[in-house]
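>>> Task: produce atomic coordinates for the following.
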Amino acid sequence: MPLKTNLKNLTPSRVQYSREIHLLSGGYSCPTAFPEGKITIYPWDSQVADWIIEQRKKATSPREITRGLISQLVNLNGAKIEKFVLGDVSTVLMVSRAIARENKVEFESSCPVCGHVHHESLSIPDSLEMVGKKEPGYAGYDDVTLPICKDVVRIRPLLIEDELNMSQRDANEGLGWVKGLSDHMAAIIWPIVTVGGEKPDNMKELVTWFRALPPRDQEYLEIQELELTPHLDQRVKMTCDQCAHKYVYPLSIDDDFFR
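The predicted structure follows:
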């Protein structure tokens, strides 16, 4: 007896509901794979959920699962996952999860002043602020002039391979890392390409330089690195319709948020 269904199209939902978007990085790290910065994102379906369950059974790290997950959710078009821009990862995850909700996400937030609960719906990614968006022809780096010492620092967006290298920095003595350097400090140092037009001999030299900077310059560099990294701002600006208090609600891309 043949299957009786109301479905008019039996093409896999992975294909039917895939969505093409422009990467905020412009796809500069893999221009051949992502022409004009376009990428196809697949919906987070039961097949993806099963894949995650199997990966968790293997006790792999969350970061390793995320890297593999990106390969499941996008058409890499021949690009190596290590060359994927780190700031684009959260965009892919959010868009893929939102596809199942017609590209929208609903959430509740409570005003921290009066406690009024707001029920909101956002279109993903259109309703979120695009930070550090790169235009076609982006060279892969930005120059920043520090306000106090006036050093010109060239920085670049991090890739997935940079995250891998940072996680193994203590074991990679050839890069001249300072033993025991915090993740926070490493994330500030790693995007630096040159200082004053010159490339440092090793990471230890960069650490010494950074620690000698005036505090204002240190803070400015960290802020610029964040603002120049292509990513979606997950901080939603809210205004309470009861007391008019303005506050920020941080979106999450965990399972609870996307149920």
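>>> the strands in the stretch 101-250 of the chain, which residues?
Per DSSP state E, counting those that start in this stretch, the stretch 101-250 of the chain has strands spanning 104-110, 117-123, 130-131, 142-145, 152-155, 192-195, 231-232, 235-239, 246-250. These are given in chain order.
>>> winner for burial among those strands?
Most buried of the strands of the stretch 101-250 of the chain, by mean neighbour count (mean count of other C-beta atoms under 10 Å): strand 231-232, with a mean of 22. All C-beta atoms are positioned from the backbone trio N, CA, C, and that covers glycine.
>>> Near the nearest residue to His116 once chain neighbours are set aside, how many other residues are there?
Leaving aside its sequence neighbours, His116 sits nearest to Gln242 (C-beta to C-beta, 6 or more residues apart in numbering; 4.1 Å). Neighbour count of Gln242, defined by other C-beta atoms under 10 Å: 12.
>>> so Gln242 makes contact with Ser110?
No - the pair Gln242 / Ser110 is not scored as a contact, 10.9 Å apart, by C-beta atoms under 8 Å.
>>> which neighbours do these two share?
Common contacts of Gln242 and Ser110, defined by C-beta atoms under 8 Å, 6 or more residues apart in numbering, comprise His116.
>>> now this protein, which segments are flagged as low pLDDT?
Low-confidence segments of the chain (pLDDT under 70): 1, 59, 170-178, 253-259.
>>> Please repeat the previous calculation with a cut-off of 50.
The chain contains residues with pLDDT under 50 at 1, 256-259.
>>> before we move on, the earlier item: out of the strands of the stretch 101-250 of the chain, flag the one nearest Ile39.
Taking C-beta to C-beta, strand 231-232 is the member of the strands of the stretch 101-250 of the chain nearest to Ile39, at 14.1 Å.
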